[in-house]
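Novice: This is a predicted model, with the sequence first.
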Amino acid sequence: MATARKLLGPDAIIGVTASTIQEALTACEGGADYLGIGTVYATPTKTNTKNIIGSSGVREVLDAIADAGYQVPTVCIGGINATNLQYTVFQCGSSKKQLDGVAVVSAIIAAPDPKAASEKLLSLLRPAPPFQNATSNHDDALKMLAVVPDMVRAVHEQKPLSHNMTNLVCASPIPIPLVQKTNLVAGCSKLCCQRSSFGWRISYHGGTSNDTPFCLVPQSQKRANKRG
């Protein structure tokens, strides 16, 4: 930051990308004009990112900046597009400090109509999302709980075909046995399959296709590829 300021001068607007609390605080101390906090999600724009921190990581950085007394403007960056913008901004928001905006690249540059894509993103950013003011009360929760026994009973009686997309159960770091047991307890006829292309075939049997995707770690993916 000090080198950039020396080269560009006191009037230049200099932003710094920060993926950790320490990076953010160091940038603020060094006089950054704004921070890009992320990477929030994986993005094709930059594949050599150091950390994918998600919305919770952004909140932690925002809290640390506020606790340190800095008023530096902030945006989140990494994988933001029209489908996740509102939820991302909402979930990243801290009670101590809110984001001032978002940084977007591929959702605009790679769009067939960049101008229309930009206008769409701006329209999603400006108003408060409809779910932000959604409220629920104790009575609503009781009503939801009241229908659970009937739902479980219906599943048990009909025994739908449940398609679990496991992507090689042993290779996944997710506790998949919990998902499998849940389906069995509910009375589903469980089917484990590695290929998403089989999903359409299951639909012809009149059952429910319950797709549960899991990601493989790179080493496991390599082993899976060798096995074909």
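Specialist: Okay, I see it.
Novice: how does this protein divide into domains?
Specialist: Listed by automatic domain parsing, the domain ranges of the chain are 2-125, 138-227.
Novice: any idea which of those domains scores lowest on pLDDT?
Specialist: Sorting those by mean pLDDT places domain 138-227 lowest, at a mean of 57.
Novice: A18 versus A12, what's the distance?
Specialist: Remark: distance between A12 and A18 (Cβ to Cβ, to the nearest Å) = 18 Å. (Each C-beta comes from the backbone N, C-alpha and C, glycine too.)
Novice: Which one of the two is surrounded by more residues?
Specialist: A18 (26 against 10; other Cβ atoms under 10 Å).
Novice: need the contact list for the more buried one.
Specialist: Listed by Cβ atoms under 8 Å, 6 or more residues apart in numbering, the contact partners of A18 are A24, A27, L35, G36, I37, V61.
Novice: L121 now?
Specialist: Applying Cβ under 8 Å, 6+ apart to L121 gives the contacts N81, A82, L85, V102, V104, A107, I108.
Novice: so, if you compare these, which one comes nearest to D67?
Specialist: The closest of the contacts of L121 to D67 turns out to be V102 (Cβ to Cβ; 23.0 Å).
Novice: Which residue, neighbours along the chain excluded, lies closest to the closest one?
Specialist: Nearest non-adjacent residue to V102, counting by Cβ to Cβ, 6 or more residues apart in numbering: I80, 4.9 Å away.
Novice: ditto for A82
Specialist: Per Cβ to Cβ, 6+ apart, closest to A82 is K120, 5.4 Å.
Novice: if I've got this straight, the one you found is in a strand?
Specialist: No: K120 is assigned helix when assessed by DSSP: H, G, I helix; E, B strand; the rest coil, not a strand.
Novice: What is the neighbour count of it?
Specialist: Neighbour tally, K120, other Cβ under 10 Å: 17.
Novice: Quick check: it vs Q86, distance?
Specialist: To Q86, K120 is 12 Å away according to Cβ to Cβ.
Novice: for stretch 94-103, how far is the first residue from the last?
Specialist: 18 Å (Cα to Cα, to the nearest Å).
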